[in-house]
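S.K.: one predicted model, sequence on top.
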There are 2 protein chains.
Amino acid sequence: MTIDNGWYTEECREHGSAFSLKLKDKVYQEQSPYQLIEIYETESFGTLMTLDGLVMLTDRDNFIYHEMLTHPALFTHPQPRRVLIIGGGDCGTLREVLKHRQVQLAVLVEIDERVTRVAERFFPELCEGNSDPRARFHFQDGIRWAADAVDGTYDVIIVDSTDPVGPAAGLYAEGFYRHCYRALDSNGILVAQSESPLYHPQLIKSMHVTMATAGFQDIASLHFPQCTYPSGWWSATLACKDAPVSAFRETDAAAAALSTRYYSHLTHRGAMALPPFLQRAIAGTGA
Amino acid sequence: MTIDNGWYTEECREHGSAFSLKLKDKVYQEQSPYQLIEIYETESFGTLMTLDGLVMLTDRDNFIYHEMLTHPALFTHPQPRRVLIIGGGDCGTLREVLKHRQVQLAVLVEIDERVTRVAERFFPELCEGNSDPRARFHFQDGIRWAADAVDGTYDVIIVDSTDPVGPAAGLYAEGFYRHCYRALDSNGILVAQSESPLYHPQLIKSMHVTMATAGFQDIASLHFPQCTYPSGWWSATLACKDAPVSAFRETDAAAAALSTRYYSHLTHRGAMALPPFLQRAIAGTGA
């Protein structure tokens, strides 16, 4: 990451690309026990939060990621009452989860409490559900939380993590998925952010293989734009214990008319249509 | 556009963002009568062509744009035999058009012959259809070409243009759309690239209004990722003289099994699912 002439730049070395946002001001910085948290005001994307120099979210485009990580999974489960969010310290995913009236309990397990405290201050609209009586916060290691969970505790587990390097690497491992499988009730659904279809098709493929090895019956990825993440294109991967991922509650999703800006039952269905090159990469038949 | 420390950077001033590609080398430069054409070898995106400092295409991601500009329109028309491409000097759209066996004539009208000559040298795979006997090239002004066209000459008109500024501005005007309407046969379809859903929803809305004013019966936009264009998210807008855009030849598209990497009958249907914020912007009911 570099700040140069009033621009914030995140470089994706592996793919020889970079994305930049013009800044108005740096408004906050804190070294938490886990990472460097920085807050900027940008010229056209509102507030920007970075963690260790990587874009976590901006005001302008976080709605796509948060909605597409949450609603497809919750409309795939027949009755999502108990939801576990691992990571997601900015609380945007929690806010989307709480839009579902069937949800009785939404547990957010974030390793770095400071991310949540900083989000409460600089992204208050994402945190508007934080005082909802259905929300619980535990600032602990999510991998340990999943390992310690009683069998069948949750209906949906959402992995809203950073990239699969450093402390988050364990969130992409078979052992973690096995704990999630066990912690999910029958019909349980796991969903995890799964990086860029253009840059990381092999990661997406390996997540499919690892989730299947961990016991999940059906696995499918969804894709959606995400301007401020590398390549501007992102994905989420869903894994079901029982039901096929394609059989989501489409009528319920249409009728619910949630206050969303990207998600609808139609964009949900559309996001499941993977381009042939990605289908081939996941199937292991070339790109 | 700036070249700095071996990076090419395209800045989108209006939206305070920039996208950069790491370069290996600059391999060609030419000032044509219309624009500055530059060719670079990038580290991870293959060859890059820029026009007046703006990304026109890269080896790595042009397939998405070219496939999504072409195949939805051609699979919406009941029998696309005569296709006019306005712009599209890199020949990538022409290549996709020629994949349709019903096409008997594909006329490419590009104002700047030098773009095509440079593409033939540096993007030979995009130009592999150029010697197809169904292909015709006219290096002329596309607006004038449409104005002079005999009524009902074409089944599909594809506007593969640069941004709506400078010489391309006329390609977004009502007068041009009226000429296209007239030059199209019954069931005729016009498709135009229509910029970023995130950055330019008002342009997309105005294209809908202008196309309707010009006489088109049904208008719909499709969206798809496009990593190297501003915001990484792009759109095409289709306008039909008669049939509704949603009624495309889905079975034919599935059976055709064209050699595509992004397009399929499923991604076609998926791309038509617009996010609610964009639907509202087009309908004029807010974002």
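M.R.: Happy to help now that I have it. Every value quoted in this text rests on a predicted model; they were computed, and no experiment measured them.
S.K.: how about the strands of chain A, start to end?
M.R.: A:2-4, A:7-12, A:17-31, A:36-42, A:47-51, A:54-58, A:82-87, A:105-109, A:135-138, A:154-160, A:184-193, A:218-225, A:233-240 (DSSP state E).
S.K.: make TSV out of those strands and add mean neighbour count, distance to chain B and mean pLDDT.
M.R.: C-beta coordinates here come from the backbone N, C-alpha and C atoms, glycine included. Shown next, in TSV, are the strands of chain A (neighbours: other Cβ atoms under 10 Å in any protein chain shown; distance: least, Cβ to the nearest Cβ, whole Å; pLDDT from 0 to 100):
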stretch	mean neighbour count	distance to chain B	mean pLDDT
strand A:2-4	12	9	65
strand A:7-12	19	7	95
strand A:17-31	17	4	97
strand A:36-42	20	6	97
strand A:47-51	21	11	97
strand A:54-58	21	10	96
strand A:82-87	25	23	98
strand A:105-109	22	23	98
strand A:135-138	16	25	98
strand A:154-160	27	20	98
strand A:184-193	23	16	97
strand A:218-225	23	4	98
strand A:233-240	25	4	98
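S.K.: any idea what A:A18 is bridged to?
M.R.: As for beta bridges, A:A18 partners with A:E11, B:S20 under DSSP bridges.
S.K.: run through the bridge partners of the residue lying closest to A:K26 once chain neighbours are set aside.
M.R.: In space, and not counting its chain neighbours, A:K26 is closest to A:Y40: 5.3 Å by Cβ to Cβ, 6 or more residues apart in numbering or on different chains. Counting by DSSP bridges, A:Y40 is bridged to A:K26, A:L48.
S.K.: isn't A:Y40 up against A:S20?
M.R.: No. With contact defined as Cβ atoms under 8 Å, A:Y40 does not reach A:S20; the gap is 11.8 Å.
S.K.: common neighbours of these two, please.
M.R.: Each of A:Y8 lies in contact with both A:Y40 and A:S20 under the rule Cβ atoms under 8 Å, 6 or more residues apart in numbering or on different chains.
S.K.: tell me which residues touch A:V103, please.
M.R.: When contacts are counted by Cβ under 8 Å, 6+ apart, A:V103 is found next to A:74, A:80-83, A:97, A:134.
S.K.: what of A:V107?
M.R.: Contact partners of A:V107, counting by Cβ under 8 Å, 6+ apart, are A:82-85, A:136, A:138, A:154.
S.K.: mind naming the longest helix for chain A?
M.R.: Longest helix in chain A by number of residues (criterion: DSSP state H): helix A:62-76.
S.K.: list the buried residues in that helix.
M.R.: Within helix A:62-76, the residues that count as buried by 16 or more other Cβ atoms under 10 Å in any protein chain shown are A:62-76.
S.K.: got the residues of the stretch 51-200 of chain A near chain B?
M.R.: A:60-61, A:64, A:197-198 (Cβ under 8 Å from any Cβ of the partner chain).
S.K.: mind putting those residues in a markdown table, pLDDT included?
M.R.: Output for these, formatted as a markdown table (pLDDT from 0 to 100):
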| residue | pLDDT |
| --- | --- |
| A:R60 | 98 |
| A:D61 | 97 |
| A:I64 | 98 |
| A:P197 | 98 |
| A:L198 | 98 |
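S.K.: between the residues you listed, which is closest to chain B?
M.R.: Taking Cβ to the nearest Cβ as the measure, A:L198 is the one of those closest to chain B, at 5.8 Å.
S.K.: show me where the stretch 151-287 of chain A has helices.
M.R.: Counting by DSSP state H, counting those that start in this stretch, the stretch 151-287 of chain A has helices at residues A:174-183, A:201-213, A:250-256, A:265-271, A:276-283.
S.K.: could those helices go into CSV alongside distance to B:T162 and mean neighbour count?
M.R.: Shown next, in CSV, are the helices of the stretch 151-287 of chain A (distance: least, Cβ to Cβ, whole Å; neighbours: other Cβ atoms under 10 Å in any protein chain shown):
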stretch, distance to B:T162, mean neighbour count
helix A:174-183, 46, 20
helix A:201-213, 30, 18
helix A:250-256, 38, 14
helix A:265-271, 28, 22
helix A:276-283, 26, 18
